[in-house]
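1. Make a model of this:
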Amino acid sequence: SMNPNSIILRTAQLNENWVQVQIQDNGGGMLPEIQSRIFEQGFTTKDVGEGTGLGMAIAKQIIEEKHGGTVTCQSELGKGTVFTISLPV
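-> Just a heads-up that it's a prediction; the model follows:
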């Protein structure tokens with residue numbers, strides 16, 4: 001079990017061509033309507049003036065377009081969130 005406010009990083013070599021990085025927290029998780037928009041450019045849950053809503057959109061663009069990889073997000077309310085990044089090597 002995870003300690004309060006923990007982030008766990010996992011790395012794995014999926015096969016000779018792909019590696020994977022997982023970033024998992026044990027925070028409050030996200031509502032489905034937020035999770036479905038997490039990679040949208042301009043989407044933010046922060047207050048006006050606090051966030052641009054570009055961070056996750058740019059991260060996804062770099063992973064996919066510059067590196068030919070993928071990024072996904074799975075979240076469960078009350079349990080936390082996992083981002084999975086897969087990259088070709």
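
2. element containing the nearest residue to residue 81 once chain neighbours are set aside, please.
-> Taking C-beta to C-beta, 6 or more residues apart in numbering, and ignoring the residues beside it in sequence, residue 81 has residue 75 as its nearest neighbour in space, at 4.1 Å. C-beta here means a position set from N, CA and C on the backbone, and glycine is covered the same way. According to DSSP states H and E, residue 75 maps onto strand 70-76.

3. Please identify the buried residues of that strand?
-> Applying a neighbour-count criterion of 16 or more other C-beta atoms under 10 Å, one finds 71, 73, 75 buried in strand 70-76.

4. for stretch 22-40, same thing?
-> 22, 24, 25, 26, 29, 30, 35, 38, 39.

5. Please give me every residue in contact with residue 77.
-> The contact partners of residue 77, by C-beta atoms under 8 Å, 6 or more residues apart in numbering, come to 28, 29, 30, 31.

6. swap that for residue 7, sorry
-> 23, 24, 25.
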